[in-house]
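Asker: Quick one: sequence and predicted model below, then my questions.
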Amino acid sequence: MCGIVGYVGQREASEVLLEGLRRLEYRGYDSAGVSILNGTGLQLRKAVGRLANLERELAATPLHGHVGIGHTRWATHGAPSVRNSHPHLSYDGKLSIIHNGIIENYRELKNELLAQGVKFESDTDTEVVAHLVERAYQGDLLKALAEVLPRLRGAYALALLHQDEPGRVLATRLGSPLVLGVGENENFIASDVPALLKYTRRVVFPEEGQICEISREGVRIFSPDLKLLPAAIQTTELTLDAAEKEGFEHFMLKEIHEQPRAIAETLRGRLNEGAIDLTELALDPALINGLRRVAIIACGTSLYASMVGKYLMERFTHLPTETWSASEFRYADPVINAQTLVISVSQSGETADTLEAVKLAKASGATTISVCNVMGSSIARISAATLYTRAGPEIGVASTKAYVTQLAAFALLAVGLGRMLGTTSQQQEARIVDGLMHIPGQVKALLDKDIVAVKRCAKRYKDVFNFMYIGRHFNYPTAMEGALKLKEISYIHAEGYAGGEMKHGPLALVEGTFPTIAIAPQGGTREKLLSNVQEIRARSGVVVLVATEGDAEAAELADYLIEIPACAEELSPILAIVPLQLLAYYTATQLGRDVDKPRNLAKSVTVE
Ligand code: F6R
């Protein structure tokens, strides 16, 4: 949700900012803009739509200078337009600001400023901050910012530049991500590490509420009351290669193909001689044995991974487990206490609703574990323990490798906790460990064979208006996730349903050209799901069947058969989703959709 970058150094700032924005475009692509400081004051360039439009604008009328800030927008307040694009200027044109997040009390602040005669140029919540800071300004931007911040409610990462202080860019965060890049005689800020990788791998992750300053000389971190704090510089393991497409047409396809390696990374060092090793979580056995319930909180694809997680937790820990959409959890009356384990799941570790839900869980005394992909992310930092999925940067807006690694992480967590609780036997553990060890190779085998049925199906059904996905138990969430993948990148309506629910309503939709994707690998519910398939076929529906290799009965029932390798039923969602990701991908590319940046969406949802 919006990407921000800032630069102070010796290079052309506009080039550094554009490079950073290219890496952050996944965060929003409604409009983009930069503001550069040079001898003639603050200069702005903005363009609606993709970053390429801003690049053209800058090529036609370049901006020179060595200090600047840049922004790529996912619209919240105000339609995508030049006037609503960031950066925004203060009323006197001396201060420019960029923002990721939402200022919740902006109306109240805007009314106050309007009453004082301040004129607004945009419909955004951000502009109020520009005016407020400029009004507080008395020759020191740091002091002015510190004075205004306590008045802001909401979530934000902000970066500011003032014409009268040309050597520095200030930034701060509350509930939105921010990272500083440390270079030689040049320093950077960004929403996410990939924006910095061309220039430096030395980074600082500021804490919430801290105010940061970058200048040519270095980075400085201040507490909210302006006490200078030590800057903890670390070297990121991410490389620029990991953030490139490496010959694939889209990031999404590259990330689908990275899944075997990503899962192997999730498992690395955590499978030890037939046993699962969770020592890195430093879990207190007394605390674990005192648990009575588990609540899993997430959004979107991570929520579907959590649904599989629920089944795994109940099977292996025998603890009643519920899943919560983070945005619902916060406004319901969840019963959470010191005997509850709250597991949050988030690729980015920055999803605003999930982050707030974890804060709520902590405040209620729960033990918090997060399953996160991004190291040092906000959710990871506030959780008592984090199981990193180590999938590497996921750039495609539609989540793929993050999902399968979350499923693998849940298998580790559920069985590992089950062993601590004594509810999982050594044999059960050995079976899952053995299954997990084979999974990366099985996903690779699946990707290596050209799944003809997937491509044929994408071609044949790309023009229908509706798809149904059905599954049961472990693969009910696969149906939900398969449907989400299709709708978000192809814009075709798709619904995921529990197979047994079909006859309670949705069966009415079925007729000759209505495709149902049925997920029926080996396992406890295969037969039941095949009965549901019979019911669909009896009504002339088209069935695309995902089944285990060699399942003759399934082969007979399928109009299109997609075979996956045999595996433990608890792990089958990891394999079953792969062809469904590809089905969504090929359908979307056949339709000429922008696969990596689907309309209206953004990768990291840092607004509620
Ligand atoms: C869909 C997708 C989203 C995310 C959701 C949560 O493909 O990517 O539904 O899963 O926005 O994001 P994280 O996992 O970063 O909290």
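Answerer: Happy to help now that I have it. These numbers come from a predicted model, not from an experiment. Numbering: from 1, shown residues only.
Asker: can we go C-alpha only for contacts and neighbour counts from here?
Answerer: Noted.
Asker: Report all helices and strands that the helix or strand hosting Ile489 contacts.
Answerer: Taking DSSP states H and E as the definition, one finds Ile489 inside helix 476-490. Helix 476-490 is packed against helix 300-317, strand 466-471, strand 493-498, strand 515-520, helix 572-590, with contacts defined by 3 or more C-alpha pairs under 8 Å, 6 or more residues apart in numbering; DSSP states H and E.
Asker: Now the last one: buried residues?
Answerer: It refers to helix 572-590. For helix 572-590, burial by neighbour count (16 or more other C-alpha atoms under 10 Å) applies to 572-589.
Asker: do the third one as well
Answerer: Judged by neighbour count (16+ other C-alpha under 10 Å), strand 493-498 contains these buried residues: Ala494, Glu495, Gly496, Tyr497, Ala498.
Asker: Against the ligand, how distant is the fourth one?
Answerer: Between Tyr497 and the ligand the distance, using C-alpha to the nearest ligand atom, to the nearest Å, works out to 17 Å.
Asker: Show the contacting residues for the residue of the stretch 51-200 of the chain found nearest the ligand.
Answerer: Using C-alpha to the nearest ligand atom, Pro177 is the residue of the stretch 51-200 of the chain that sits closest to the ligand, at 11.9 Å. By C-alpha atoms under 8 Å, 6 or more residues apart in numbering, Pro177 lies in contact with Ala157, Ser191, Asp192, Glu350, Ser377, Ser378.
Asker: So Leu44 lies in a strand, does it not?
Answerer: Yes - Leu44: assigned to a strand according to DSSP: H, G, I helix; E, B strand; the rest coil.
Asker: helix, strand or coil for the closest residue to it other than its chain neighbours?
Answerer: Leaving aside its chain neighbours, Leu44 sits nearest to Ser35 (4.4 Å; criterion: C-alpha to C-alpha, 6 or more residues apart in numbering). What three-state DSSP gives for Ser35 is strand.
Asker: Would you check that Ser35 makes contact with Gly41?
Answerer: No - look at Ser35 against Gly41 with C-alpha atoms under 8 Å: they stay out of range, at 10.0 Å.
Asker: Who are the contact partners of Ser344?
Answerer: So Ser344 contacts Ile296, Ile297, Ala298, Thr354, Val358, Thr368, Ile369, Ser370, Val371 (C-alpha under 8 Å, 6+ apart).
Asker: so which of these is the most crowded?
Answerer: Comparing the contacts of Ser344 by number of neighbours (other C-alpha atoms under 10 Å), Ala298 comes first, having 31 neighbours.
Asker: Three-state assignment for the residue of the stretch 51-200 of the chain closest to the ligand, please.
Answerer: Judged by three-state DSSP, the three-state class of Pro177 is coil.
Asker: how near is it to Gly441?
Answerer: For Pro177, the distance to Gly441 (C-alpha to C-alpha, to the nearest Å) stands at 35 Å.
Asker: that older thread, any chance of the buried residues of strand 493-498 in CSV, plus pLDDT and distance to Asp241?
Answerer: Listed next are the buried residues of strand 493-498 as CSV, based on pLDDT from 0 to 100; distance: C-alpha to C-alpha, whole Å:
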residue, pLDDT, distance to Asp241
Ala494, 97, 34
Glu495, 96, 36
Gly496, 97, 35
Tyr497, 96, 39
Ala498, 97, 40
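Asker: would you turn those residues into a markdown table with distance to Val544?
Answerer: Shown next, in a markdown table, are those (distance: C-alpha to C-alpha, whole Å):
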| residue | distance to Val544 |
| --- | --- |
| Ala494 | 14 |
| Glu495 | 14 |
| Gly496 | 14 |
| Tyr497 | 15 |
| Ala498 | 16 |
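Asker: quick one, the helix holding Ile489 and strand 515-520 angle?
Answerer: If you take axes from the mean of the first three to the mean of the last three C-alpha atoms, to 10 degrees, helix 476-490 sits at 150 degrees to strand 515-520.
Asker: Ser14 looks like it's in a strand, true?
Answerer: No - going by three-state DSSP, the assignment for Ser14 is helix, not a strand.
Asker: what's the closest non-adjacent residue to it?
Answerer: Leu63 (6.7 Å).
Asker: mind listing what the one you found touches?
Answerer: Ser14, Ile36, Gln43.
Asker: The first one touches Ala59, doesn't it?
Answerer: The one in question is Ser14. No - the criterion here is C-alpha under 8 Å, and Ser14 misses it with Ala59 at 10.3 Å.
Asker: Name the residues of the stretch 151-300 of the chain found near the ligand, please.
Answerer: By C-alpha under 6 Å from any ligand atom, the residues of the stretch 151-300 of the chain that approach the ligand are Cys299, Gly300.
Asker: Where does the stretch 151-300 of the chain get nearest to the ligand, which residue?
Answerer: Closest to the ligand within the stretch 151-300 of the chain is Gly300: 3.2 Å, counting by C-alpha to the nearest ligand atom.
Asker: residues near that residue, how many?
Answerer: By other C-alpha under 10 Å, 15 other residues sit near Gly300.
Asker: got it, and Gly139?
Answerer: Gly139 sits with 12 neighbouring residues when counted by other C-alpha under 10 Å.
Asker: Could you give the number of residues near the closest residue to the ligand within the stretch 451-600 of the chain?
Answerer: Nearest to the ligand in the stretch 451-600 of the chain, going by C-alpha to the nearest ligand atom, is Lys485, at a distance of 6.1 Å. Using other C-alpha under 10 Å, Lys485 is surrounded by 26 other residues.
Asker: what sits against it?
Answerer: By C-alpha under 8 Å, 6+ apart, Lys485 lies in contact with Ala398, Leu580, Gln581, Ala584.
Asker: which of these lies closest to Asp559?
Answerer: Sorting the contacts of Lys485 by how near they are to Asp559, with C-alpha to C-alpha, puts Leu580 at the top with 15.8 Å.
Asker: Look up how far Ile574 lies from the closest one.
Answerer: 11 Å.
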